[in-house]
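Asks: what's the 3D shape of this:
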Amino acid sequence: MGHLLKAILIDDEDNARFALRNLLKAHCPNVDVIGEAKCVSEGQSILTKIKADLVFLDVQMPDGTGFDLLAGLERIDFQVIFASAYDYFAITAFRFSAVDYLLKPIIVNDLCSAVAKIKANDKFAQDKVKTLIDNQGTVKKIALPSMEEVNFVKVDDIIRCESDNNYTRFFLQGNTQILVSKTLKEYEDLLEPMGFFRCHKSSLINLKFIKKYIKGEGGTIIMEDGSSVELSRRRKEDFFNAIQNRY
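Replies: Numbering: from 1, shown residues only. Prediction:
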């Protein structure tokens, strides 16, 4: 069963808390609900009095948002799973900061997989939440989980990403590399709206770091760090469109 997780539910809707409590009881026996709150101020109050491992947090509440609640706490020594009605931007921010979220109405499988990812003492919990709060409005940082740690990296510092089987290797400014245990496709979905381009099945580049293009059947892109990246022939037209749109 694993470590018993002490959980607090914070949601302004009584029926939403009731439904979640019942789902947890039926499907997540390692979660023990030790408290509930129905607004930001109540939530902050209970979290300063009771030590929780995990908080299920609504986004919109009458006296503010779940983000306001977290921003108002001196320290965050618990993990957070947000529960929210569909909000595209919020979901993007969650994905960039490695904080989990559930869409309402909550689906059992999603709940179980979110709970399964929770470690009782996640030393990166505070950093993940800080990144999430900082990313509200404009995404600035991305959480990159490797085998041993989580790196919090400025999106503007990523020069390119390279596929390495089921891993992705990030090449950053300052000659730094990070190997992340997720596929390139996942990062393509996240980063393409932010000025990145999938130029080849194994390469995703930050368009702002292009130094020059060398003509060829597809051609070769030289990045500012001196690396050369192949441009596949079928992506050539899209590449020039992306460059024109950017500049």
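Asks: going forward, measure contacts and count neighbours with C-alpha atoms only.
Replies: Will do.
Asks: show me the domain layout of this structure.
Replies: Taking automatic domain parsing as the criterion, the chain consists of the domains 5-134, 141-246.
Asks: pull the residues that contact the helix or strand of the chain with the lowest mean pLDDT.
Replies: None of the helices or strands of the chain scores lower by mean pLDDT, DSSP states H and E than helix 88-97, at a mean of 77. Here helix 88-97 makes contact (CA atoms under 8 Å, 6 or more residues apart in numbering) with 100-101, 128-129, 131-132, 135-136, 139, 141-143, 190.
Asks: what residues sit buried inside it?
Replies: Within helix 88-97, the residues that count as buried by 16 or more other CA atoms under 10 Å are 90, 91, 92, 93, 94, 95, 96, 97.
Asks: of the residues you listed, which is the nearest to residue 223?
Replies: The shortest gap between residue 223 and any of the buried residues of helix 88-97 belongs to residue 96, at 24.1 Å (CA to CA).
Asks: distance of the closest one relative to residue 150?
Replies: As judged by CA to CA, to the nearest Å, residue 96 and residue 150 stand 12 Å apart.
Asks: okay, and the common contacts of those two?
Replies: Joint contacts of residue 96 and residue 150 (CA under 8 Å, 6+ apart) are residue 143.
Asks: low-confidence ranges, the protein, go.
Replies: Counting by pLDDT under 70, the chain shows low-confidence ranges at 1-2, 86-90, 120, 247.
Asks: ok, residues contacting the longest helix along it?
Replies: Scanning the chain for the helix with the most residues, using DSSP state H, yields helix 14-27. Outside of helix 14-27, the residues within contact range by CA under 8 Å, 6+ apart are 9, 10, 11, 31, 32, 33, 36, 38, 106, 108, 112.
Asks: swap in stretch 164-182?
Replies: Contacts of stretch 164-182 (CA under 8 Å, 6+ apart): 144-147, 157-163, 183-184, 202, 225.
Asks: buried stuff in it?
Replies: Residues of stretch 164-182 classed as buried: 164, 168, 169, 170, 171, 172, 178, 179, 180, 181, 182 (neighbour count, 16+ other CA under 10 Å).
Asks: any idea which element the spatially closest residue to the fifth one that is not a sequence neighbour lies in?
Replies: Spatially, and ignoring its direct neighbours in sequence, residue 171 is nearest to residue 177 (4.7 Å; CA to CA, 6 or more residues apart in numbering). Secondary-structure assignment from DSSP states H and E places residue 177 in strand 176-180.
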